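Asker: no sequence on hand, only this structure:
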């Protein structure tokens, strides 16, 4: 091919592109014209936020307790994006999850282990202040739980054992006075004394 090009033509050639075993030659002039069109478009696209092209929770359906892509028979594995973000393993929520309000602020966050909440979870009000903090073990509340009013004052505090209130609990009304319903000693989810 080089023998057919004159010396000056060879110097104007930027690159060759092989398509179906045929060479397409692009001259410097054509390349320059293409770049005058493509370069501004690329600059424009760099500044434009793109929506997530991954799956969202709306792209999945729940059947028999597991999540699937719509029209698929294999449980979903992968990451979802959007208002609720997290990963799935064998059709179950698994790993770190973050849920958001419509205003974009975090609503709650924590981990799942094969579809069940596991470890520390934190919930937030619309304004970003903490609503609650507590732990789960195999999807059941376990250990210390604290809930707050939106002015950050304690609403209630106490221990859960196997998902039921157990031990001393203290609750407060919005004015700071004791809330008798939630204050006292609990055993197996039942208040046994004040």
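Answerer: Thanks, I have it. Bear in mind the structure is a predicted one, so any value in this text is a computation, not a measurement. Numbers count the residues shown, from 1 in each chain.
Asker: helices of the protein, start to end?
Answerer: 7-12, 28-46 (DSSP state H).
Asker: lowest-confidence stretch among these?
Answerer: Looking at the helices of the chain, the lowest mean pLDDT belongs to helix 7-12 (a mean of 47).
Asker: okay, the residue nearest in space to the middle of the chain and residue 120: tell me how far apart.
Answerer: Central residue of the chain (C-alpha atoms, centre = their mean): residue 85, 1.7 Å from the mean position. Separation of residue 85 from residue 120 (C-beta to C-beta, to the nearest Å): 18 Å. The way it works is simple: take the backbone N, C-alpha and C, and place the C-beta from them, glycine included.
Asker: number of nearby residues for residue 87?
Answerer: By other C-beta atoms under 10 Å, 16 other residues sit near residue 87.
Asker: can you give me the domain boundaries for the protein?
Answerer: Domain ranges of the chain: 2-46, 57-193, per automatic domain parsing.
Asker: quick check: end-to-end length of the last one?
Answerer: End-to-end distance of domain 57-193: 45 Å, with C-alpha to C-alpha, to the nearest Å as the criterion.
Asker: please shift the residue numbers so they start at 624 in all later answers.
Answerer: With the count now opening at 624, the last piece we talked about shows up as domain 680-816.
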